[in-house]
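Asks: structure for the following, please:
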Amino acid sequence: MPGAVDLPHPERSQIELTAVLFALSDPERLSIARQLVDGPLDMAACHATDPDLPKSTKSHFMKVLREAGVIRNEPNGRRRILTLRRDDLDAKFPGLLDAVLGSTDS
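Replies: Sure, this is the predicted structure:
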């Protein structure tokens with residue numbers, strides 16, 4: 001069985017504010033990002049707020065967050081580890097994550 005595939009992630013310089021804001025504008029994607037504030041999680045442990053969400057929809061949420069530069073989604077054996085890209089986002093948009101992820105208005 002082949003190893004897990006490395007997915008493309010934008011470089012810090014390629015992260016755009018509009019893409020980040022779009023990625024965090026959906027309540028389910030915002031919930032996923034908030035779960036990563038305290039540190040990396042196994043993708044299987046990270047969940048959307050709707051338990052009936054299809055697996056394909058959850059995967060799409062992860063793709064939107066990854067392509068916007070909000071998270072890293074990296075292989076770890078047969079699993080995937082999700083990490084919030086706080087250093088990159090804080091460097092590009094100081095205070096944005098604290099303002100958006102700290103807010104309970106969604």
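
Asks: how far away is residue 46 from residue 53?
Replies: 12 Å (CB to CB, to the nearest Å). C-betas here are computed from N, CA, C, even on glycine.

Asks: and the gap between residue 15 and residue 42?
Replies: Per CB to CB, residue 15 is found 24 Å from residue 42.

Asks: if we can go back for a sec, who has more neighbours out of residue 46 and residue 53?
Replies: residue 46 (20 against 14; other CB atoms under 10 Å).

Asks: and residue 78, what pLDDT?
Replies: Looking at residue 78, its pLDDT stands at 84.

Asks: ok, it - how many residues close by?
Replies: Neighbours of residue 78 under the rule other CB under 10 Å: 8.

Asks: contacting residues around residue 15?
Replies: Applying CB atoms under 8 Å, 6 or more residues apart in numbering to residue 15 gives the contacts 68-69, 85, 88-89, 92.

Asks: so which of these are in helices?
Replies: Judged by DSSP state H, these include 68, 88-89, 92 as members of helices.

Asks: tell me the bridge partners for the residue sitting nearest the centre point of the chain.
Replies: Residue closest to the mean C-alpha point of the chain, counted by CA atoms, centre = their mean, is residue 71 at 3.5 Å. For residue 71, the beta-bridge partners are residue 84 (DSSP bridges).

Asks: which SSE is residue 64 in?
Replies: Here residue 64, judged by DSSP states H and E, is contained in helix 55-68.

Asks: please pull out the lowest mean pLDDT helix or strand from the protein.
Replies: Sorted by mean pLDDT, DSSP states H and E, the helices and strands of the chain end with strand 41-42, the least confident at a mean of 89.

Asks: show me the contacts for the closest residue to residue 20 other than its chain neighbours.
Replies: Closest residue in space to residue 20, ignoring its immediate chain neighbours: residue 68 at 5.2 Å, by CB to CB, 6 or more residues apart in numbering. The contact partners of residue 68, taken as CB under 8 Å, 6+ apart, are 10, 15-16, 19-20, 22-23.

Asks: mind checking how far residue 68 is from residue 78?
Replies: Distance from residue 68 to residue 78, by CB to CB: 26 Å.
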